[in-house]
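Peer 1: Please find the sequence and the predicted model below.
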Amino acid sequence: MARYIGPKARIARRLGAQIWDTKGERSAREKRPYPPGEHGRTRRRGTQSEYLIQLQEKQKTRYIYGLSERQFRRVFAEAHRRPGVTGENMLVFLELRLDNVVYRAGWASTRLQARQFVSHGHIEVNGSRVDVPSYRVRQGDVVALREKSQDMLAIRWNLDMLSRTVPIWLAHQDNKMSVSVAQIPTRDQIDTPTREQLIVELYSK
């Protein structure tokens with residue numbers, strides 16, 4: 001499992017980005033908008049090396065989608081083998097992960113929670129239960145909450161309270177209890193704050 005259980009606010013402050021989309025993380029970045037550590041306030045951002053910038057971009061993306069280094073390298077390697085732009089291929093593969101689809105559908109407040117929902121067997125793909133967060137959906141697949149899971153308090157609260165807009169490549173069905181993969185997402189339909197070209201450059205060294 002690639003679940004990160006360390007201090008999330010420190011990682012978000014170090015990378016200068018919203019990673020897990022939690023309230024504590026946002027609050028910490030607003031109160032202390034500088035890197036953690038004794039010299040966080042005085043650290044000069046302009047002196048960062050090219051390698052450090054590339055590494056931080058990779059780490060940021062890896063944390064956002066909740067992958068281990070080994071998993072992330074595997075995704076990148078597959079993206080590199082496929083025709084097309086490697087960085088865009090990589091982001092598309094990450095977006096098509098089942099836990100990310102659950103998050104994008106608005107059933108989970110964070111990708112960590114979405115991963116938990118999948119692992120606990122609350123999600124079906126084309127009518128069959130799938131409990132593998134890294135499962136990659138395809139165009140035309142229907143991802144749904146299992147009937148016994150639709151009344152879960154956490155899911156109902158997320159559907160009622162979250163103002164997340166479902167991306168154009170997903171389509172809600174059955175009173176928001178299922179989504180269909182209308183199309184494979186393109187780069188302009190992925191709002192993850194990632195400069196994928198830096199990751200490509202890092203792994204190309």
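Peer 2: Structure received.
Peer 1: ok, the spatially closest residue to Leu15 that is not a sequence neighbour to Trp169 distance?
Peer 2: In space, and not counting its chain neighbours, Leu15 is closest to Lys60: 4.6 Å by CB to CB, 6 or more residues apart in numbering. In short, each C-beta sits where N, CA and C put it, glycine included. To Trp169, Lys60 is 23 Å away according to CB to CB, to the nearest Å.
Peer 1: Neighbour count for those two, which is higher?
Peer 2: Lys60 (24 against 21; other CB atoms under 10 Å).
Peer 1: For that one, what is the enclosing helix or strand?
Peer 2: Using DSSP states H and E, Lys60 maps to helix 50-65.
Peer 1: Tabulate the CA atom coordinates of that helix in PDB.
Peer 2: The C-alpha coordinates for helix 50-65 follow below in PDB (Å, rounded to 0.1, in the frame of the first residue of the first chain):
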ATOM      1  CA  GLU A  50      17.000  22.400 -11.800                       C
ATOM      2  CA  TYR A  51      17.100  18.900 -10.300                       C
ATOM      3  CA  LEU A  52      15.400  20.000  -7.100                       C
ATOM      4  CA  ILE A  53      12.500  21.700  -9.000                       C
ATOM      5  CA  GLN A  54      12.000  18.600 -11.100                       C
ATOM      6  CA  LEU A  55      12.200  16.300  -8.100                       C
ATOM      7  CA  GLN A  56       9.600  18.400  -6.100                       C
ATOM      8  CA  GLU A  57       7.200  18.400  -9.100                       C
ATOM      9  CA  LYS A  58       7.500  14.600  -9.200                       C
ATOM     10  CA  GLN A  59       7.000  14.300  -5.500                       C
ATOM     11  CA  LYS A  60       4.000  16.600  -5.600                       C
ATOM     12  CA  THR A  61       2.300  14.600  -8.300                       C
ATOM     13  CA  ARG A  62       3.100  11.300  -6.600                       C
ATOM     14  CA  TYR A  63       1.600  12.500  -3.300                       C
ATOM     15  CA  ILE A  64      -1.500  14.000  -5.000                       C
ATOM     16  CA  TYR A  65      -2.400  10.600  -6.500                       C
END
